[in-house]
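>>> Sequence and predicted structure below; questions after.
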Amino acid sequence: MIIKFWEKSRKINATLTNLLFKPVHRQVLLGLSKLHVASQETSPWLLKKRLLPLLCLISFFLVLLLNSFAPAVAQLPPQPRQEIRGVWLSGNDFSVFRNRSQVQAAMSQLRQLNFNTVYPVVWNDGYTQYPSAIMQKMGIPFFFKGVDGQDVIADIITQARRQGLLAIPWFEFGFMVPLTSELASQHPDWLTQKGDGTQTSISAAGEVAWLNPFHPEVQNFIRGLVMEVMTQYDADGVQFDDHTSLPRDFGYDKYTISLYTQETGNPPPPNPLAQAWIKWRADKITAFMVDLYQTVKARKPNAIFSVAPNYYNFAYKMQLQDWLNWVRLGIVDELVMQVYRNDVESFIAQITRPEILESQQIIPTGIGIMAGLRNRPVSIPQIQSQVEAVQQRGLGIGFFYYESLWDIAPEPAAQRQSAFAALFPNSALRDISQNTPRKSTFNTISLPLYPKPSLGQRVRGYFLEVAIANGQPKRILLDTGSAGLRVPKEFLGNSPIRKTGQNIKEVLSDGTILEGELVYTNVRFGLIPTAEPVPVQVVTSRQCTAQKPKCSANSGGPFSGIVGVNYFEKSLPYNPLRKLPGNLSNGFIVVGNSGSNNNGSLILGLTAENQAGFKMASWSEQPEINGVPGKRWDSRLSKVCLTLAGSSAKNLCNSRAIADTGTINGLTEFKSASTAGKLKPGVLGSANAVKVGINGIFDYSLTPGTRDGFNRWNLSISPQAELPIFVNPGIALFDKYDVLFDQVNGKQGFRSRR
């Protein structure tokens with residue numbers, strides 16, 4: 001892109017020079033010089049009058065000149081990016097590429113024509129186009145070899161590199177596979193189906209079946225092939241197209257039905273167009289792509305993770321391929337959107353869509369142009385007009401496919417090659433060393449908070465879906481009253497884990513003692529991965545303190561995990577939200593579900609828009625702790641007013657309080673019995689109405705009852721308590737207020753929901 005902009009600038013300068021030195025413009029310049037002399041002898045009014053026609057003429061020429069270049073300059077991305085000039089090497093081309101000399105000639109010619117990228121297909125029709133140990137182990141034969149018995153993919157990659165071209169292997173079929181293939185026959189349980197039991201659909205490749213993208217064995221298979229290619233050839237990257245998806249009618253196989261029912265409590269809706277069903281499946285594919293991206297980057301950080309989908313509205317609604325979300329998540333290094341249209345107006349409408357404009361501000365973005373098919377050749381004027389439209393908008397290009405560039409075409413090969421030479425008159429080589437992992441581009445995102453965990457039966461709570469070490473996502477208790485991620489070892493996946501050998505102990509407010517090793521590993525919240533590994537306590541032991549023998553560890557229920565997101569860290573592990581990418585780490589908002597069985601939401605990333613309507617209270621800053629990033633805050637609110645009916649504790653505004661999603665019932669803790677007045681420790685009754693608030697910030701009231709998580713309120717007297725009066729309204733507070741946690745400025749906000 002840098003080279004292209006420089007050449008455009010040179011063209012503008014040359015045009016200006018030519019205009020200025022044509023005869024008519026020389027006369028203009030002579031006139032200007034004469035007027036300069038005359039101006040010394042003429043009044044200002046007469047000078048302006050004489051200059052007016054000349055200035056109009058100059059303005060006219062400048063408008064014509066600048067307007068002719070404005071679209072190309074105005075629509076360039078704000079920062080130079082490596083321009084994509086690629087071509088797909090499809091299965092149709094391999095009659096050419098089986099021959100080493102023809103491979104060498106082809107790569108040399110592409111380089112001379114100033115192409116910079118080739119995408120050789122390595123996976124289609126249920127077979128690899130390279131000798132695969134994975135396929136060999138499965139007993140699936142390998143048919144594709146060069147005329148000398150050579151590995152054709154290795155030859156293409158080697159010859160491309162010698163010419164300075166990037167070689168990015170292309171997994172053309174994605175999850176698509178012929179029903180008659182050995183793979184489909186060996187693993188019928190890997191296939192998904194429609195609601196009526198149909199296993200196939202009609203595609204450009206004919207009638208095909210679909211591997212289930214939600215099945216862990218399918219995911220492991222595809223991941224294995226990708227990593228085999230990356231390792232075997234040290235590839236410059238890997239590309240997935242519109243078939244790394246699933247047609248929306250599919251997903252009604254036994255495995256997916258069971259998984260959906262387990263996660264949502266209901267079977268999939270019979271209507272495949274139901275929005276929640278579409279989103280669930282699309283998000284599962286996205287989660288797999290996040291995992292695949294991380295796996296590729298672990299092997300080769302500078303590798304290009306490329307996607308070549310259809311236009312977004314079609315890709316998401318028809319194929320469950322949420323590629324715009326992939327771009328925003330930071331897992332796409334290069335986008336080449338397929339736009340195979342004949343008429344220019346329709347073509348331009350697609351390449352100017354908002355998602356393309358957004359993507360090209362972030363990553364190298366190109367448009368897939370049809371160069372022709374065997375049964376449908378494309379004329380060079382059509383190709384030229386589409387290339388011009390793409391280049392005017394600062395976009396790159398990928399041609400489908402090599403053989404149709406000039407071997408299968410309505411014009412002679414020499415004429416086509418000459419035309420392609422004119423499309424890219426200047427060199428624009430690419431360098432993957434500049435392709436460094438990037439952060440998510442979300443300013444804010446909302447994640448669902450579920451009313452039930454993956455394990456255990458808790459009456460009330462908000463549970464966030466978290467995947468640890470690339471394990472299966474688990475719904476873990478969101479606790480705004482503690483800090484650090486603490487999970488059982490069964491929640492861990494197979495990603496690398498850095499062990500510290502440090503055994504740590506955490507005592508929860510209910511008296512539960514959690515013990516286990518501190519480790520570091522990657523974590524994903526919903527679809528959002530942390531920017532780097534975070535500390536996690538792997539809990540291997542739970543017990544109760546002597547003072548509270550009836551803690552949750554004594555219930556016999558399984559431990560469902562805790563993700564503590566408080567910023568009042570006292571030691572490691574710290575709040576893992578601190579390590580979210582970009583703006584997502586600056587704070588969050590908890591939106592409750594008003595006591596219903598519906599989902600609440602966790603809004604990550606504070607913006608001016610989502611902070612509107614909140615009334616803010618300040619925290620006090622605490623000393624830093626080694627190993628904990630960012631500022632540390634005492635999130636216990638001060639100057640809290642407390643009234644308990646039936647006691648002397650009325651209108652006292654010297655209490656401290658915390659907004660805590662990890663506590664089911666409300667609690668007031670007094671350091672001394674005299675402060676509590678007439679009230680005795682235990683569960684308060686309806687006569688003991690509670691009011692707690694901060695003047696001008698929030699005003700919360702409750703009539704105690706018997707329902708856990710809704711209106712139960714406990715009172716305790718603890719001489720060993722740190723504070724004279726401490727209040728924890730419990731999770732019911734979040735039924736009435738959205739609560740904001742600002743870790744940058746040390747503030748907490750409350751916004752009434754009623």
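Noted; the coordinates are in hand. Residues are numbered from 1 along each chain as shown.

>>> Grab the most central residue of this structure for me.
The residue lying closest to the centre of the chain (CA atoms, centre = their mean) is Leu329, at 1.6 Å.

>>> Contact partners for it?
Residues counted as contacts of Leu329 (CB atoms under 8 Å, 6 or more residues apart in numbering) are Thr286, Val290, Ser440, Phe442, Leu527, Ile528, Pro529. C-beta: built from backbone N, CA, C; applies to glycine.

>>> Any stretches of this structure with poor pLDDT?
For the chain, the stretches with pLDDT under 70 are 1-81, 457, 649-651.

>>> Give me the domain ranges for it.
Using automatic domain parsing, the domains assigned to the chain come out as 2-74, 85-434, 445-612, 633-752.

>>> Can you lay out the ones you listed as JSON lines showing distance to Ile625?
Converted to JSON lines, those look like this (distance: least, CB to CB, whole Å):
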{"stretch": "domain 2-74", "distance to Ile625": "45"}
{"stretch": "domain 85-434", "distance to Ile625": "28"}
{"stretch": "domain 445-612", "distance to Ile625": "6"}
{"stretch": "domain 633-752", "distance to Ile625": "12"}
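
>>> neighbours around Thr540, how many?
The tally of other residues near Thr540 (other CB atoms under 10 Å) stands at 12.

>>> Please work out how many residues are found near Asn654.
Around Asn654 there are 12 other residues, counting by other CB under 10 Å.

>>> Might one say that it is in contact with Leu723?
No. With contact defined as CB atoms under 8 Å, Asn654 does not reach Leu723; the gap is 9.8 Å.

>>> Need the overlap of contacts for the two.
Counting by CB under 8 Å, 6+ apart, no residue touches both Asn654 and Leu723.

>>> residues in contact with the nearest residue to Ser201 once chain neighbours are set aside?
Nearest non-adjacent residue to Ser201, counting by CB to CB, 6 or more residues apart in numbering: Pro247, 5.3 Å away. Counting by CB under 8 Å, 6+ apart, Pro247 makes contact with Ser201, Trp210, Met318, Gln319, Leu320.

>>> Looking at neighbours, which among those is most surrounded?
Trp210 (29 neighbours).

>>> My read is that that one contacts Thr192, right?
Yes. In this structure, Trp210 is within contact of Thr192 by CB under 8 Å, at 5.5 Å.

>>> got any residues that touch both of the two?
Joint contacts of Trp210 and Thr192 (CB under 8 Å, 6+ apart) are Gln199, Leu246, Phe250.

>>> Quick one: those as CSV, columns for distance to Lys550 and secondary structure too.
Converted to CSV, these look like this (distance: CB to CB, whole Å; DSSP: H, G, I helix; E, B strand; the rest coil):
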residue, distance to Lys550, secondary structure
Gln199, 54, coil
Leu246, 48, coil
Phe250, 49, strand
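
>>> ok, of those, which one's closest to Lys300?
Ranked by distance to Lys300 (CB to CB), those are led by Leu246 at 27.6 Å.

>>> What residues does the closest residue in space to that closest one that isn't next to it in sequence make contact with?
Counting by CB to CB, 6+ apart, Leu320 is the residue found nearest to Leu246 once chain neighbours are left out, at 5.0 Å. Applying CB under 8 Å, 6+ apart, we find Leu320 in contact with Ser245, Leu246, Pro247, Arg248, Ile278, Arg281, Ala282, Ile285.

>>> now do Phe670
Here Phe670 is in contact with Ala649, Ala676, Leu715, Ser716, Ile717, Ser718, Ala721, Pro724, Ile725 (criterion: CB under 8 Å, 6+ apart).

>>> How about it, nearest residue that isn't a chain neighbour?
Ala676 (4.3 Å).

>>> next one: Val152
Of all residues not flanking Val152 in the chain, Gly146 sits nearest, at 4.9 Å (CB to CB, 6+ apart).

>>> quick one, phi/psi of the one you found?
Backbone torsions for Gly146, taken as degrees, to the nearest 10, come to phi -80, psi 170.

>>> That one touches Arg100, doesn't it?
Yes. The criterion here is CB under 8 Å, and Gly146 meets it with Arg100 at 6.6 Å.

>>> what touches both of those two?
Contacts common to Gly146 and Arg100, judged by CB under 8 Å, 6+ apart, are Asp155.
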